[in-house]
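Q: any chance you can model this:
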Amino acid sequence: MRVSKCIGCEAFPCADVRHECYIVPDVDVQVEKLKLAMISEAAPPDPGDYYYAKGKPLFQETTVQAFRDAGAGVSSIQDILKLGVYLTTAVKCGKTGYNIKAGTIKQCSEILEEELALFPNLKAIMLMGDVAIKALNYISTRIGEGRVIPAGSTYKIRRGRYFHQGKRVFPSYLQAGPSFFIEKSKRRMIAEDIAGALKLLA
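A: Model prediction:
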């Protein structure tokens, strides 16, 4: 199944994102084999840096390194897919500044909800950063389950046990982008969180 054929935005109602950077995963996957969804923040300013872009995109570089830090023997996004891990963003357009407005995250969470529903065998969801955490909370509240992740600093809440529709949820830090290589303490915590999630797939 090619994900980009199943989900997408048609109206582009959000004013605080770069619509020219809009990307949904244009990747052909075997949905029954995907057990973990890793959701990061937003599409990159350069489409060539996206997870599934050709060559050596930045999102691939930092994410592969995060999985290697966690003990996974991977060297590409395809290797990560073979582990049963699907990669996407909570917001499908690029950012215009440091923050993304709550209304935009809520709007785009409707697409994310449809996207996650494509994968019936998911066991866990990783939320890489505050935008992803907010997006899943919007989804969970919309379907009547209330917030999945409580308010608070990520370092305080990341060790808690959270669930969304029976799936284990891991709140963590953003692994996609140049900041991953700068913040060593967060890099260590990301590795711990990925390792914990991968144990559920064994």
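Q: got the CA coordinates for stretch 139-158 in PDB?
A: The C-alpha trace of stretch 139-158 is given here as PDB (Å, rounded to 0.1, in the frame of the first residue of the first chain):
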ATOM      1  CA  ILE A 139      -6.800  12.500  18.400                       C
ATOM      2  CA  SER A 140      -7.400  10.800  21.700                       C
ATOM      3  CA  THR A 141      -9.600  13.600  23.000                       C
ATOM      4  CA  ARG A 142     -11.600  13.700  19.800                       C
ATOM      5  CA  ILE A 143     -12.400  10.000  20.100                       C
ATOM      6  CA  GLY A 144     -13.500  10.400  23.700                       C
ATOM      7  CA  GLU A 145     -10.400   8.800  25.500                       C
ATOM      8  CA  GLY A 146      -9.100  12.100  26.900                       C
ATOM      9  CA  ARG A 147      -5.400  13.100  27.000                       C
ATOM     10  CA  VAL A 148      -2.900  10.300  26.500                       C
ATOM     11  CA  ILE A 149       0.100  12.200  27.700                       C
ATOM     12  CA  PRO A 150      -0.200  14.500  30.700                       C
ATOM     13  CA  ALA A 151       1.200  18.000  30.800                       C
ATOM     14  CA  GLY A 152       4.700  18.400  31.900                       C
ATOM     15  CA  SER A 153       8.300  18.400  30.800                       C
ATOM     16  CA  THR A 154       9.300  15.400  28.700                       C
ATOM     17  CA  TYR A 155      12.100  14.300  30.900                       C
ATOM     18  CA  LYS A 156       9.600  14.000  33.800                       C
ATOM     19  CA  ILE A 157       6.900  12.100  32.000                       C
ATOM     20  CA  ARG A 158       8.900   9.900  29.500                       C
END
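Q: check the offset of that stretch from the chain's centre.
A: 15 Å (C-alpha atoms, centre = their mean, to the nearest Å).
Q: from here on, call the first residue 732.
A: All right, first residue 732 from here; so that's stretch 870-889.
Q: in this protein, which residue is most central in space?
A: The centroid of the chain falls nearest to residue 770 when counting by C-alpha atoms, centre = their mean (0.8 Å).
Q: contacting residues for residue 852?
A: 762-766 (C-beta atoms under 8 Å, 6 or more residues apart in numbering). (Glycine included, C-beta is placed from N, CA and C.)
Q: over to residue 893?
A: 879-880, 899-902.
Q: just residue 774 next, same as before
A: With C-beta under 8 Å, 6+ apart, residue 774 has these contacts: 752-754, 781, 820, 822-825.
Q: show residues contacting the helix or strand of the chain with the lowest mean pLDDT.
A: Least confident helix or strand of the chain, by mean pLDDT, DSSP states H and E, is helix 885-888 with a mean of 92. Helix 885-888 is contacted by residues 860-861, 864, 880-881, 902-904, 920 when judged by C-beta under 8 Å, 6+ apart.
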